[in-house]
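Student: model this:
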Amino acid sequence: MSNEAATATTTAEAVPAAESIPHGLGASLPAADARAKTEGTFPYAADLWAEGLLWAAVLRSPHPHARIVSIDTSHAREMPGVRAVVTHEDVPGAPLHGRGRSDRPVFASEVVRHHGEPIAAVAADHPDTARMAAAAVIVEYEVLDPVTDPEQAFEAEPLHPDGNLIRHIPLRHGDPEAAGEVVVEGLYRIGRQDPAPIGAEAGLAVPRPDGGVELYLASTDPHTDRDTAAACYGLEPERVKVVVTGVPGATADREDQGFQLPLGLLALKTGCPVKLTATREESFLGHAHRHPTLLRYRHHADAEGKLVKVEAQILLDAGAYADTSSDALAAAVSFACGPYVVPNAFIEGWAVRTNNPPSGHVRGEGAMQVAAAYEAQMDKLAKKLGVDPAELRLRNVMATGDVLPTGQTVTCPAPVAELLQAVRDFPLPALPKDTPEDEWLLPGGPEGAGEPGAVRRGVGYGLGMVHMLGAEGADEVSTATVKVQDGVATVLCAAVETGQGFSTLARQIVQETLGIDEVHVAPVDTDQPPAGAGCRGRHTWVSGGAVERAAKMVRTQLLQPLAHKFGMSTELLQITDGKITSYDGVLSTTVTEAMDGKELWATAQCRPHPTEPLDATGQGDAFVGLAFCAIRAVVDVDIELGSVRVVELAVAQDVGQVLNPAQLAARIEAGVTQGVGIALTENLRTPRGVIRHPDLTGYALPTALDAPDIQIVKLVEERDVVAPFGAKAASAVPVVASPAAIASAVRAATGRPVNRLPIRPQAAVVTGQ
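Tutor: Here you go, the predicted model:
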């Protein structure tokens with residue numbers, strides 16, 4: 001990048017140590033960038049600038065399904081200030097890309113398959129000029145009827161050369177003839193949610209003298225993005241460099257590759273730096289959303305409520321392209337029965353293409369959708385048997401040593417019963433009549449039309465489980481380097497800090513291992529070895545494990561000369577608060593003295609044990625590890641208006657080991673609050689495939705006023721012996737459990753079935769009261 005370009009991204013994250021700042025594993029070390037983000041001075045991609053900067057804009061399709069008859073760019077090219085216009089004809093390399101499967105064009109050429117699909121991109125000397133030039137590209141469409149119902153996709157004409165079926169998983173486990181004395185059935189629908197990052201997509205592309213390009217992006221998987229871009233540009237990977245800028249929120253795949261790829265093409269074509277900043281509408285149109293899902297369930301149980309068999313059909317709407325739908329389907333099918341012991345399970349799962357907006361990785365994908373359904377089924381069973389809902393769940397929960405419907409034995413800690421008992425036994429919040437002097441916040445808010453006499457309180461439960469890291473044979477490897485010089489340590493690892501706390505964890509690991517207070521985490525770019533995507537607790541496990549191994553190797557280098565000098569093993573030496581001491585007190589020196597001006601460094605990798613793909617009957621050891629959560633929801637429902645207020649969510653979670661108490665609590669609370677939005681407000685409506693209200697006014701995110709009282713009542717610290725530090729993923733599993741718990745509580749308050757998320761007001765209205 002040129003000297004004139006923004007250099008904020010090349011500043012390492014560090015907090016100079018002070019006696020008042022805690023350090024090491026188990027301490028609530030503050031994030032290095034917390035103050036800058038709070039004060040609004042932290043640099044994001046939208047803040048970058050370079051000498052001779054051009055601005056980009058992308059023309060997107062207004063139709064969800066159409067045949068492109070012609071594209072006329074002449075008017076746009078002739079506009080003053082326009083430097084380049086690119087279409088599919090200007091893609092020099094691979095015309096297709098995609099995260100899970102390369103099936104998506106950089107620019108649509110013959111057919112448009114979803115609303116907002118890129119058609120052309122423009123670079124100009126002013127952002128307004130670029131937008132006007134993009135609008136001046138004339139595209140003649142032959143509008144086609146969109147396929148928006150995933151059930152119709154099986155019979156519809158192929159929407160893609162690869163067909164409409166992306167994946168089918170027929171899971172078979174146990175005896176198909178098994179039957180229970182009690183049977184309940186249900187049909188459930190989960191809507192489409194948008195990850196809605198706090199900052200929309202932005203990026204800067206800078207051409208290099210060697211004919212390559214540097215991309216400054218808020219990427220969560222820089223090496224994959226680098227390889228994709230290089231293939232589309234027709235360049236060797238080493239001639240494309242991705243530099244990760246500040247990431248303004250990431251609960252999903254942060255960046256739309258259809259946004260990144262035109263950026264580099266324009267920089268290569270013009271020979272100038274090019275910047276693209278998406279509007280919120282473009283952000284909604286571009287990136288992937290959560291899979292809308294249709295679920296049909298039948299549960300069999302004996303007279304005591306023990307589960308005998310679960311039958312289910314799960315249909316995921318992948319939208320126009322495959323993306324990570326195969327992974328989401330595997331999670332949905334594998335966890336379709338939830339954290340319960342089910343001796344017989346027969347699950348059919350499909351992911352299909354439609355002309356709806358593309359779906360992809362969003363926190364808790366697959367697992368969240370099925371949790372809403374299987375927990376509704378447990379409520380139905382409890383009601384039919386006349387059993388307390390929590391008690392019915394306790395009779396069926398799994399534990400370590402039980403077998404998943406995929407045939408995989410649960411070898412990790414699975415304290416599901418302990419979690420459920422903790423939230424069940426936690427004291428319930430007081431009813432308004434018990435505290436009449438306090439103002440009662442009615443459902444609908446203080447200015448709502450609700451009447452106290454119409455309010456009913458409900459208590460419900462949700463149990464959730466997620467897998468950690470990738471699955472089905474994914475090669476989960478990360479590399480890290482730790483360098484120490486002059487009493488300062490530097491960590492180099494391509495694990496992107498997305499808000500999950502990896503940079504803070506890396507500092508804590510080095511502090512704990514080497515006794516060095518001042519630790520820097522270098523900025524991430526693709527000149528470093530790959531560390532993989534930042535999702536499913538990956539960087540806590542794999543990248544944190546690599547940092548720990550590298551730090552231990554440096555520790556050995558540091559202590560070996562001293563151990564040799566004093567005739568003892570390095571295991572008999574310890575480092576505490578920057579001092580090296582021996583077990584017998586003979587040796588006592590500081591780390592700085594022991595370094596004696598030398599630079600020590602080591603590089604290490606961490607790779608968990610391998611997994612395998614699910615076979616033709618859905619069987620296989622597909623997952624590295626699992627994490628569990630139990631949530632009890634307390635809600636107030638106005639049964640006349642159908643408005644719902646979440647009063648309290650009590651959370652108990654399986655965390656393995658607490659590495660940073662403050663950050664862990666923040667991650668759990670954030671996940672729970674995200675689940676509130678899924679349960680009550682967030683639904684990206686797409687009538688006939690067109691995104692309606694693609695903005696944060698029409699898409700209702702929960703705010704601080706919607707956030708309930710969140711009580712973290714228990715954190716079970718039972719180390720997973722195969723995981724570095726024994727820690728587990730923390731953010732995704734509360735997202736999975738909380739919508740199911742809220743729906744369960746609304747069912748308890750109203751007696752209504754509540755079979756759709758988000759919960760619509762009419763689903764919570766009770767007539768005839």
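Student: what's the burial count for Val521?
Tutor: 24 (other C-beta atoms under 10 Å). Every residue, glycine included, has its C-beta placed from N, CA and C.
Student: cool, and Thr409?
Tutor: For Thr409, using other C-beta under 10 Å, the count is 11.
Student: surely it is in contact with Ala399?
Tutor: No: counting by C-beta atoms under 8 Å, Thr409 sits too far from Ala399 to count as a contact (11.4 Å).
Student: just the buried positions in stretch 143-155, please.
Tutor: 144, 146-148, 150, 153 (16 or more other C-beta atoms under 10 Å).
Student: same check on stretch 206-223?
Tutor: 206-207, 212-223.
Student: helices - which of these land there?
Tutor: 222-223 (DSSP state H).
Student: from the buried residues of stretch 206-223, which two are the most distant?
Tutor: Taking C-beta to C-beta, the two most distant members of the buried residues of stretch 206-223 are Pro207 and Thr220; they sit 24.4 Å apart.
Student: the stretch 151-300 of the chain: strands as residue ranges?
Tutor: Here the stretch 151-300 of the chain has its strands, by DSSP state E, counting those that start in this stretch, at 165-173, 182-190, 202-207, 213-217, 240-244, 274-277, 293-301.
Student: and the ones you listed as CSV, adding distance to Gly460 and mean pLDDT?
Tutor: Conversion of the strands of the stretch 151-300 of the chain to CSV gives the following (distance: least, C-beta to C-beta, whole Å; pLDDT from 0 to 100):
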stretch, distance to Gly460, mean pLDDT
strand 165-173, 27, 98
strand 182-190, 15, 98
strand 202-207, 41, 95
strand 213-217, 41, 95
strand 240-244, 41, 95
strand 274-277, 42, 95
strand 293-301, 17, 98
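Student: distance check, Val466 against Ala331.
Tutor: 8 Å (C-beta to C-beta, to the nearest Å).
Student: so those two - more neighbours on which side?
Tutor: Val466 (30 against 26).
Student: show me what the helix or strand hosting that one is packed against.
Tutor: Per DSSP states H and E: Val466 is located in strand 455-471. Judged by 3 or more C-beta pairs under 8 Å, 6 or more residues apart in numbering; DSSP states H and E, the packing partners of strand 455-471 are helix 325-334, helix 367-385, helix 389-394, helix 416-425, helix 538, strand 623-638, helix 732-750.
Student: out of these, flag the one nearest Asn355.
Tutor: So among the helices and strands packed on strand 455-471, helix 325-334 is nearest, using C-beta to C-beta, at 14.9 Å.
Student: alpha carbons only: can I get that closest one in PDB?
Tutor: Listed next in PDB are the C-alpha coordinates belonging to helix 325-334 (Å, rounded to 0.1, in the frame of the first residue of the first chain):
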ATOM      1  CA  SER A 325     -25.900 -24.600   2.800                       C
ATOM      2  CA  SER A 326     -24.400 -28.100   2.800                       C
ATOM      3  CA  ASP A 327     -22.800 -27.300   6.200                       C
ATOM      4  CA  ALA A 328     -26.000 -25.800   7.600                       C
ATOM      5  CA  LEU A 329     -28.000 -28.900   6.500                       C
ATOM      6  CA  ALA A 330     -25.500 -31.200   8.100                       C
ATOM      7  CA  ALA A 331     -25.900 -29.400  11.400                       C
ATOM      8  CA  ALA A 332     -29.700 -29.300  11.200                       C
ATOM      9  CA  VAL A 333     -30.000 -33.000  10.500                       C
ATOM     10  CA  SER A 334     -27.400 -34.100  13.000                       C
END
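Student: the inter-axis angle of the very next helix or strand once past that helix versus helix 367-385?
Tutor: Sequence-wise, the next helix or strand downstream of helix 325-334 (DSSP H and E) is strand 344-353. Interaxial angle, strand 344-353 versus helix 367-385 (axes from the mean of the first three to the mean of the last three C-alpha atoms, to 10 degrees): 140 degrees.
Student: partner strands of strand 344-353, with direction?
Tutor: Strand 344-353 has these partner strands in its sheet, going by DSSP bridges: strand 165-173 (antiparallel), strand 307-319 (parallel).
Student: export these to CSV and tack on distance to Ala417?
Tutor: Converted to CSV, the strands paired with strand 344-353 look like this (distance: least, C-beta to C-beta, whole Å):
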stretch, distance to Ala417
strand 165-173, 22
strand 307-319, 15
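Student: out of these, deepest packed?
Tutor: strand 307-319 (a mean of 24; mean count of other C-beta atoms under 10 Å).
Student: and the angle from that strand to strand 293-301?
Tutor: Going by the same axes, to 10 degrees, strand 307-319 makes 180 degrees with strand 293-301.
Student: verify the stated contact: Trp676 with Pro702.
Tutor: Residue 676: Val, not Trp. Yes: in this structure, Val676 is within contact of Pro702 by C-beta under 8 Å, at 5.0 Å.
Student: returning to that earlier point: wait, which of the strands paired with strand 344-353 is closest to Leu505?
Tutor: Per C-beta to C-beta, nearest to Leu505 of the strands paired with strand 344-353: strand 307-319, 32.8 Å.
Student: Glu612: neighbouring residues, count only.
Tutor: Glu612: 14 neighbours (other C-beta under 10 Å).
Student: quick one, what contacts it?
Tutor: Contact partners of Glu612, counting by C-beta atoms under 8 Å, 6 or more residues apart in numbering, are 472-473, 620-622.
Student: top of the residues you listed by neighbour count?
Tutor: Result: Ala622 is most packed of those (other C-beta under 10 Å), 24 neighbours.
Student: can you give me the pLDDT of it?
Tutor: Per-residue pLDDT puts Ala622 at 95.
Student: cool, His361 as well?
Tutor: 89.
Student: check Glu13 too.
Tutor: For Glu13, the predicted pLDDT is 45.
Student: with the one 5 residues further on instead?
Tutor: In the predicted model, Ala18 carries a pLDDT score of 40.
Student: middle-most residue in this structure, spatially?
Tutor: Arg363 (3.2 Å; C-alpha atoms, centre = their mean).
Student: pLDDT weak spots in this protein?
Tutor: Residue ranges of the chain with pLDDT under 70: 1-22, 251-255, 434-440, 445-449, 768-769.
Student: ok, longest helix in it?
Tutor: helix 544-566.
Student: tell me the buried residues in that one?
Tutor: 544-555, 558-559, 562-563.
Student: more crowded one of Val676 and Pro702?
Tutor: Counted by other C-beta under 10 Å, Val676 and Pro702 do not tie: Val676 has more neighbours, with 25 against 19.
Student: quick one on the thing from earlier: ok, the contacts of Glu612 vs Tyr461, which is closest?
Tutor: Ala622 (27.1 Å).
Student: residues contacting that closest one?
Tutor: Ala622 neighbours (C-beta under 8 Å, 6+ apart): 330, 334, 406, 408, 467, 471-472, 611-614.
Student: drop anything exposed from those residues.
Tutor: 330, 334, 406, 408, 467, 471-472, 611, 614.
Student: quick revisit: quick one: which of the strands paired with strand 344-353 is nearest Glu201?
Tutor: Among these, if distance is taken as C-beta to C-beta, the winner is strand 307-319, at 17.9 Å.
Student: residues in contact with Pro761?
Tutor: With C-beta under 8 Å, 6+ apart, Pro761 has these contacts: 641-643.
Student: can you redo these as a markdown table with neighbour count?
Tutor: Formatted as a markdown table, the contacts of Pro761 follow (neighbours: other C-beta atoms under 10 Å):
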| residue | neighbour count |
| --- | --- |
| Leu641 | 19 |
| Gly642 | 20 |
| Ser643 | 22 |
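Student: ok, of those residues, which one's closest to Thr592?
Tutor: Using C-beta to C-beta, these come closest to Thr592 at Ser643, 62.5 Å.
Student: so that closest one touches Gly444, yeah?
Tutor: Yes: between Ser643 and Gly444 there is a contact under C-beta under 8 Å: 4.1 Å.
Student: and Asp388, what does it touch?
Tutor: Counted by C-beta under 8 Å, 6+ apart, Asp388 has contacts Ala382.
Student: next one: it from Gly460, what distance?
Tutor: Remark: distance between Asp388 and Gly460 (C-beta to C-beta) = 12 Å.
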